[in-house]
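1. Next come a sequence and a model predicted from it.
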Amino acid sequence: MLRKLMLMSLLAAGTALAQDTDSLSSFQYQAAKAPVNKVVHYVKSNLDGTKRLVLSLHFGAPLQVEALKVEADGRYLALVQAQLDPKTLTESSLRSFNRLERGKPVLQMSLASDPGQRRLVASVGKAQMPVKVSHLPAHIYNFDLSGLNATLPYLKNPRADFDVGIVDPDFEFLRTQFKPDGGVQEGGFVDKGKATFRYLKDEVLDDIPTHRFEVGGPAFGNVKGTLWINAKDLLIERFEHAQPDNPDWKSFKLERISEQKMGKAAWEGFKAASIKRAAGLLEAD
């Protein structure tokens, strides 16, 4: 009888551990707190500063963000457009384009959520790659934490610990097993579990008041990194981690270099000018 009771207890514990979790109580969505008509420019690189690109995030409306990536001194461009769900503060739709400099952007990947379910479906070519989300809010690390960035202003207490879930492409699967015409393919996108953000202290970083957090948890293989949140606008000031968000990098550093007010028309003009410059550079090459 004792053995049976112990077995039932272990099974119950295992079921509890397998249950979906969330940290939504750490956030409170309020449209008035959203960064709107604002661009924040970052440099993305390895921790040692190598392999640099410029990442410009445009916050056009609450829970809406566009990311323009400029590589090779302006020659190659990529664009990611994302919308987040106000209930889950998770990317609910996303579209990623490259080859903007060629004049005909190519859709690389799209992402959509199943209404009412903790499930995202990434589409590449004719293939669909579903992933079940174990922890909310959830964000795509390979999106340079831009989804997380858009939600940080909604933290109830920017000096308190919080958690988020991480989902990401499985780049080894995509390299070795992915079939563009293969229909539904489990394993192309994966749930990496919970990322933990533990408040350390307030810190002045390059004359900017920030809140400093230690970043770790199962999503990062329990390897520790650091996040600095700008104390004024509650957007990322700097992020450093040994875990890269893309296999083309060895590690991950994101550092803010400037910001400016920019409405939709000005943002479209900024993108058009970036494309024109890139096309000119390629032609000159």
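-> Looks like it arrived, so ask away. For clarity, every value in this text was computed on a predicted model and none was experimentally measured.
2. Where does Ser274 sit: helix, strand or coil?
-> helix (DSSP: H, G, I helix; E, B strand; the rest coil).
3. Tally up the residues packed near it, please.
-> For Ser274, the neighbour count with other CB atoms under 10 Å is 19. Where you see a C-beta, it was placed from the backbone N, CA and C, and this is true even at glycine.
4. ok, it to Arg75 distance?
-> Distance, Ser274 to Arg75, using CB to CB, to the nearest Å: 11 Å.
5. give me the element Glu268 is part of.
-> helix 264-284 (DSSP states H and E).
6. elements contacting that helix?
-> strand 53-61, strand 64-71, strand 76-84 (3 or more CB pairs under 8 Å, 6 or more residues apart in numbering; DSSP states H and E).
7. Need the pLDDT of the spatially closest residue to Ala61 that is not a sequence neighbour.
-> Nearest residue to Ala61, sequence neighbours excluded (CB to CB, 6 or more residues apart in numbering): Val36, at 6.2 Å. At Val36, the pLDDT value in this model is 97.
8. Ala160 too?
-> For Ala160, pLDDT reads 98.
9. now Gln108
-> 93.
10. can you pull the contacts of it?
-> Contacts for Gln108 (CB atoms under 8 Å, 6 or more residues apart in numbering) come out as 78, 96-98, 124.
11. how close does it get to Thr176?
-> 18 Å.
12. Output stretch 42-50 as CSV, restricted to C-alpha atoms.
-> Output of stretch 42-50 as CSV, limited to C-alpha atoms (Å, rounded to 0.1, in the frame of the first residue of the first chain):
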residue,chain,number,x,y,z
TYR,A,42,20.9,48.9,-31.8
VAL,A,43,24.2,47.3,-32.8
LYS,A,44,24.0,43.5,-32.7
SER,A,45,27.3,41.6,-32.5
ASN,A,46,29.2,38.9,-30.8
LEU,A,47,30.3,39.7,-27.2
ASP,A,48,33.7,40.7,-28.5
GLY,A,49,32.2,43.2,-30.9
THR,A,50,32.8,41.2,-34.1
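13. Off-centre distance for it?
-> Centroid separation between stretch 42-50 and its chain, computed with CA atoms, centre = their mean, to the nearest Å, is 16 Å.
14. pLDDT of it, averaged?
-> 98.
15. hmm, who's touching it?
-> By CB under 8 Å, 6+ apart, stretch 42-50 touches 51-57, 69, 144, 236, 240, 242, 244, 249-257.
16. List buried members of those by neighbour count.
-> 51, 53-57, 69, 144, 236, 244, 249, 251-256 (16 or more other CB atoms under 10 Å).
17. and of the contacts of Gln108, the nearest to Asp170?
-> Val124 (12.3 Å; CB to CB).
18. For the closest one, give its distance to Val43.
-> 28 Å.
19. Those two: who's more crowded?
-> Val124 (22 against 14).
20. Nearest spatial neighbour of that one, chain-adjacent residues omitted?
-> The nearest residue in space to Val124 (CB to CB, 6+ apart) is Met109, at 5.1 Å.
21. That neighbour contacts Phe97, doesn't it?
-> No - the pair Met109 / Phe97 is not scored as a contact, 9.1 Å apart, by CB atoms under 8 Å.
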